[in-house]
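Trainee: Provided below are the primary sequence and the corresponding predicted coordinates.
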Amino acid sequence: MSSPLISIVLPTYNVEDHIERCLLSIINQSYINFEIIVVDDCGIDSSIKIASEYAAKDKRIKVIHNDENQGTFHARSIGTFKASGQFILYLDPDDELNEGSLELIYNRIDINPNLDILLFDTKYQPELKFWNARYTPIIGVFKKNEVNSILKHNNLPYGTLGKLYSKKAAIQGYNFLSIPLTERLVYGEDILIFASVLLYCNLAVGINDKLYIYHRNSMSITEKRDKMSTTKNIEQLELVIHHLSKLKHHKNHTKYFDNFERRIDIYKLSLQKLIADSDTEYLTLMAKLLIKTRSWRIAANLTIYCLTLRKVKR
């Protein structure tokens, strides 16, 4: 078989209940010129055993074994450097691809073969409630001097969801960040690669098709809300902010890249309010959130608290 056009990278750690669903969502795509790179990040369940069984039956699936747990950021990086495809799609193994997604991606690449980023929409399972924040891709074709138009889009998702990268731009982004393997990043880290790839982006395309299916798993690191997990996630976000500051030294940096730090600051405040130890601290954090976001949701939560003295956790 010829070299794959698309490499789908799965950073894999303790997802035995979901990885088969993820793999089947890729294998059953109508478009077949892809490879799946499963990066074994040294979990303790049967995730890799399941992936290896599928790899034995399908040569498009490769399993790469890390010597030790290195975290999601480095697992994606390792998968990227090992990839054979011209384009990289990051898929968390507890999520899946929508039916016909790779065919739609191929069609867009065929129209714009030199694209560095393809932005697309996401389907949520279960569906979001009306009060949940909804992120949407910006629609259109954007050349190098139009990256600011992308960064000005307030509802743009910054994480893994809804993105395909050229391998060339992804590698440039990882090389620029130069985060050592000894630094484990597992929360908010996907923002870093998006931000750094934008520095090298010559052509981005945004479409409104829902190609990625995001499963809202209460046990995932992004959904856990206990105090210990939340404190660790706040520490992770502080590391992300540290590495985002490197972008300011790149020649293609503009003031709009500061939106990344602003979004992370909002994430931090949102987490801090969940574990506030006093009413005064909670009110202070909510007020800071309201000033930064000017969000009706935050205003509503603050009003509910003032009327009922009950915290709104989400």
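Mentor: Happy to help now that I have it.
Trainee: Show me what stretch 10-20 is in contact with.
Mentor: Stretch 10-20 is contacted from outside by 22, 36-48, 50-51, 54, 69, 72, 75-76, 79, 90-95, 215, 217, using Cβ atoms under 8 Å, 6 or more residues apart in numbering. All C-beta atoms are positioned from the backbone trio N, CA, C, and that covers glycine.
Trainee: Mind doing that once more with 7 Å?
Mentor: Residues outside stretch 10-20 that contact it (Cβ atoms under 7 Å, 6 or more residues apart in numbering) are 22, 36-41, 43-48, 50-51, 72, 75-76, 79, 91, 93-94.
Trainee: ok, now stretch 152-160?
Mentor: 90, 92, 134-138, 150, 190-191, 194, 256, 260, 263.
Trainee: From the contacts of stretch 10-20, list the buried ones, please.
Mentor: Buried by 16 or more other Cβ atoms under 10 Å: 22, 36-41, 47-48, 50-51, 72, 75-76, 79, 91, 93-94, out of those.
Trainee: Filter those down to the ones in strands?
Mentor: Ile36, Ile37, Val38, Val39, Asp40 (DSSP state E).
Trainee: Which member of those is positioned nearest Glu103?
Mentor: Ile36 (16.4 Å; Cβ to Cβ).
Trainee: Tell me who's in contact with the closest one.
Mentor: Ile8, Leu10, Leu23, Ile26, Arg60, Ile61.
Trainee: give the contact list for the last one.
Mentor: For Ile61, the set of contacting residues under the criterion of Cβ under 7 Å, 6+ apart consists of Ile36, Val38, Ala51, Tyr54, Ala55.
Trainee: Switch these over to CSV; also include pLDDT and distance to Leu119.
Mentor: Formatted as CSV, the contacts of Ile61 follow (pLDDT from 0 to 100; distance: Cβ to Cβ, whole Å):
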residue, pLDDT, distance to Leu119
Ile36, 98, 22
Val38, 98, 25
Ala51, 98, 28
Tyr54, 98, 29
Ala55, 98, 30
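Trainee: ok, which pair from the contacts of Ile36 is furthest apart?
Mentor: Pairwise over the contacts of Ile36, using Cβ to Cβ, the maximum falls at Leu10 and Arg60, 12.6 Å.
Trainee: can you pull the buried residues of stretch 125-142?
Mentor: Tyr135, Thr136, Pro137, Ile138, Phe142.
Trainee: Of these, which belong to strands?
Mentor: Counting by DSSP E, these contribute Phe142 to strands.
Trainee: Scan the helices and strands of the protein for the one with the lowest mean pLDDT.
Mentor: Least confident helix or strand of the chain, by mean pLDDT, DSSP states H and E, is helix 296-308 with a mean of 81.
Trainee: can I get the CA coordinates of that one in PDB?
Mentor: Output in PDB follows, covering the C-alpha atoms of helix 296-308 (Å, rounded to 0.1, in the frame of the first residue of the first chain):
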ATOM      1  CA  TRP A 296     -24.300  35.800  31.000                       C
ATOM      2  CA  ARG A 297     -23.700  32.300  32.300                       C
ATOM      3  CA  ILE A 298     -21.300  33.600  35.000                       C
ATOM      4  CA  ALA A 299     -23.600  36.500  35.700                       C
ATOM      5  CA  ALA A 300     -26.500  34.000  36.200                       C
ATOM      6  CA  ASN A 301     -24.500  31.800  38.400                       C
ATOM      7  CA  LEU A 302     -23.400  34.700  40.600                       C
ATOM      8  CA  THR A 303     -27.000  35.900  40.800                       C
ATOM      9  CA  ILE A 304     -28.200  32.400  41.900                       C
ATOM     10  CA  TYR A 305     -25.500  32.300  44.500                       C
ATOM     11  CA  CYS A 306     -26.400  35.700  45.900                       C
ATOM     12  CA  LEU A 307     -30.100  34.700  46.100                       C
ATOM     13  CA  THR A 308     -29.700  31.200  47.400                       C
END
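Trainee: In the protein, mark out all the helices, start to finish.
Mentor: 19-27, 47-57, 72-82, 101-111, 147-151, 167-177, 190-199, 227-244, 258-274, 279-293, 296-308 (DSSP state H).
Trainee: between the ones you listed, which gets nearest to Leu161?
Mentor: Taking Cβ to Cβ, helix 190-199 is the member of the helices of the chain nearest to Leu161, at 8.5 Å.
Trainee: For that closest one, buried residues please.
Mentor: Asp190, Ile191, Leu192, Ile193, Phe194, Ala195, Ser196, Val197, Leu198, Leu199.
Trainee: just for the chain, where's the confidence low?
Mentor: 1, 130-131, 133, 218-225, 309-314 (pLDDT under 70).
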